[in-house]
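Colleague: Curious how this folds, go ahead:
(one chain, ligands or ions: 2)
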Amino acid sequence: MRRFFAPAQLTHAPALELHNGGFTPYAEVPARAEAILAAIGGAEAPGDEGDVPIRAVHDAAYLAFLRDAPAMWRVAGRPGEAIPYAFPIVRRRPLHLSRIDALLGVHAMDATTPITPGTWTSAYASAQTALAATRAVLAGERAAFALCRPPGHHAGADYCGGYCHLNVAAIAAQAARDAGRVRVAILDIDYHHGNGTQDIFWTRDDVFYASVHADPATDYPFFWGHADERGEDAGEGATLNLPLPRGTRLDAFRRAQGQALAAIGAWSPDLLVVSFGADTWEGDPISGFALTTADYAILARDIAVAGWPTVIVMEGGYAVDALGANVATFLGGF
Ligand code: Q9C
Ligand code: ZN
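Modeller: Ligands and ions are numbered 1, 2, ... in the order given. You can find the predicted model right below:
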């Protein structure tokens with residue numbers, strides 16, 4: 001399978017994140033990508049398609065913010081990394097503020113995703129990696145793997161969060177649409193619900209979003225991913241959420257993924273994007289499912305037999321020592 005990665009994706013390296021009331025080492029480290037790269041035997045460098053396919057998903061003001069936030073943080077006299085602490089909760093007026101802290105509040109869904117001078121470079125490269133894998137599949141490959149890092153599925157059109165800045169799955173899906181694939185589906189099997197992807201396609205009937213994830217009653221991102229969220233307006237019924245309890249093992253996960261695949265099949269996609277997270281692994285330090293390394297081959301095979309042209313983008317997975325084997329096993333299942 002062709003696989004893609006750009007070394008510039010390693011530039012983003014925050015030191016700390018706010019976790020359970022204190023600062024802990026940032027879990028989404030560059031070593032994640034290096035471990036995966038070593039296990040899959042390297043990857044091709046993506047081309048550079050510029051920012052048009054990124055702007056097809058993300059708001060211009062948000063993209064400018066991602067680029068400018070580190071400099072604004074410095075100008076405000078702050079050491080370290082830009083982190084938000086005040087948020088405009090629902091129903092605040094749409095004020096046009098320019099203070100860095102106000103902008104961070106507007107464009108971030110949480111306080112766990114610092115923005116560093118290397119963030120834009122890495123997120124941009126991560127998006128180009130997703131686009132390169134998408135082009136390979138559009139050109140006839142059965143499947144291709146984008147080693148995206150930073151990940152993307154928590155990022156909305158105008159916000160970051162959950163270690164994500166640019167929604168690489170949404171950028172891939174939109175690029176497929178713009179290349180003439182009429183019906184695109186996204187299967188999200190990261191441990192966490194992909195709130196950003198859901199938000200981006202919430203009112204649309206051209207991209208189907210299905211997610212298997214930890215119940216948001218107990219797990220991040222809490223405010224999205226409940227079973228009754230099905231999309232709205234033209235998008236009603238084009239979102240499917242299948243939350244599962246902590247402790248979930250292969251049988252229940254596979255059943256839920258099968259339900260998602262059946263719904264996607266009924267919808268007849270021209271192309272599938274898989275948001276793959278290996279944070280469903282039994283030893284993941286921030287998650288609570290119990291999949292084994294061998295389970296990933298079974299889950300991948302279930303997806304592969306459906307036969308759709310498939311772009312796989314990397315999302316989470318934080319047990320760095322096991323990550324390479326988990327991803328390689330998943331890709332091997334195709
Ligand atoms: N500090 C992805 O897997 N933090 N993002 C939860 C621990 C957010 C995970 C609390 C977890 C986001 C792409
Ligand atoms: Zn995750």
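
Colleague: contacts and neighbour counts: CA atoms only from here.
Modeller: Will do.

Colleague: quick one: average pLDDT of stretch 321-334?
Modeller: Averaging the model's pLDDT scores along stretch 321-334 yields 98.

Colleague: With stretch 204-213 instead?
Modeller: The average pLDDT for stretch 204-213 rounds to 98.

Colleague: Stretch 247-262 too?
Modeller: For stretch 247-262, the mean pLDDT works out to 98.

Colleague: Could you do stretch 119-130 as well?
Modeller: Per-residue pLDDT values over stretch 119-130 give a mean of 98.

Colleague: and what of stretch 158-170?
Modeller: 98.

Colleague: Pro243: which element?
Modeller: Mapping Pro243 onto the secondary structure by DSSP states H and E places it in strand 239-244.

Colleague: Sheet partners, orientation included, of that strand?
Modeller: If you go by DSSP bridges, strand 239-244 pairs up with strand 207-214 (parallel).

Colleague: How far away from the center of its chain is the strand it pairs with?
Modeller: In terms of Cα atoms, centre = their mean, to the nearest Å, the centre of strand 207-214 is set 12 Å apart from its chain centre.

Colleague: Same question for stretch 291-298.
Modeller: Here the centre of stretch 291-298 is set off from its chain's centre by 20 Å, with Cα atoms, centre = their mean.

Colleague: re earlier: CA atoms only: put the strand holding Pro243 into PDB for me.
Modeller: Once non-C-alpha atoms are left out, strand 239-244 reads as follows in PDB (Å, rounded to 0.1, in the frame of the first residue of the first chain):
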ATOM      1  CA  THR A 239     -24.300  11.100  10.600                       C
ATOM      2  CA  LEU A 240     -24.200   7.900  12.600                       C
ATOM      3  CA  ASN A 241     -22.800   7.700  16.200                       C
ATOM      4  CA  LEU A 242     -22.100   4.400  17.900                       C
ATOM      5  CA  PRO A 243     -20.800   5.100  21.400                       C
ATOM      6  CA  LEU A 244     -19.400   2.100  23.400                       C
END
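
Colleague: Dihedrals phi and psi, the closest residue to Thr203 other than its chain neighbours?
Modeller: The shortest distance from Thr203 to any residue other than its chain neighbours is 4.0 Å, reached at Gly235 (Cα to Cα, 6 or more residues apart in numbering). As for Gly235, its main-chain torsions (degrees, to the nearest 10) stand at phi -90, psi 0.

Colleague: quick one: the helices in this protein?
Modeller: Listed from the start of the chain, the chain has helices (DSSP state H) covering 30-40, 52-55, 60-75, 100-106, 119-138, 168-178, 195-201, 250-266, 295-304, 320-332.

Colleague: Quick check: residues of the protein near ligand 1?
Modeller: Taking Cα under 6 Å from any ligand atom as the criterion, the neighbours of ligand 1 within the chain are 19, 151, 162-163, 192, 220, 315-316.

Colleague: which one of these has the most neighbours?
Modeller: Most neighbours among the residues of the chain next to ligand 1, by other Cα atoms under 10 Å: Glu315, with 31 neighbours.

Colleague: Show residues contacting the strand holding Pro243.
Modeller: The contact list for strand 239-244, computed with Cα atoms under 8 Å, 6 or more residues apart in numbering, reads 198, 202, 208-216, 225-231, 253, 256, 260.

Colleague: ok, and for that strand, which residues are buried?
Modeller: 239-244 (16 or more other Cα atoms under 10 Å).

Colleague: tell me how far it is from the chain's mean position?
Modeller: Between the mean C-alpha location of strand 239-244 and the chain-wide mean there is a distance of 16 Å, by Cα atoms, centre = their mean.

Colleague: Give the pairing partners of the helix or strand of the chain with the lowest mean pLDDT; include direction for each.
Modeller: Of the helices and strands making up the chain, the lowest-confidence element is strand 16-19, at a mean of 91, by mean pLDDT, DSSP states H and E. The strands that strand 16-19 pairs with in its sheet are strand 22-25 (antiparallel) (by DSSP bridges).

Colleague: Relative to Asn326, how far out is Trp281?
Modeller: 8 Å (Cα to Cα, to the nearest Å).

Colleague: Could you name every residue contacting both of those two?
Modeller: Listed as contacting both Trp281 and Asn326 by Cα under 8 Å, 6+ apart are Thr293.

Colleague: Mind pulling the model confidence for the residue lying farthest from the centre of the chain?
Modeller: Outermost residue of the chain with respect to the C-alpha centroid, by Cα atoms, centre = their mean, is Gly77; its distance is 31.9 Å. Looking at Gly77, its pLDDT reads 96.

Colleague: Need the phi and psi values for it.
Modeller: phi 90, psi 20.

Colleague: Look up how far Ala71 lies from it.
Modeller: Taken as Cα to Cα, the spacing of Gly77 relative to Ala71 amounts to 10 Å.

Colleague: Kindly report the same for Arg181.
Modeller: If you measure Arg181 against Ala71 using Cα to Cα, the figure is 39 Å.

Colleague: Ok, Gly265 next?
Modeller: 47 Å.

Colleague: what's the answer for Pro245, then?
Modeller: Using Cα to Cα, one obtains 42 Å as the distance from Pro245 to Ala71.

Colleague: And Leu138, by the same measure?
Modeller: Where Ala71 is concerned, Leu138 sits at a distance of 38 Å (Cα to Cα).

Colleague: Check Ala172 too.
Modeller: When Ala172 is compared with Ala71 (using Cα to Cα), they lie 29 Å apart.
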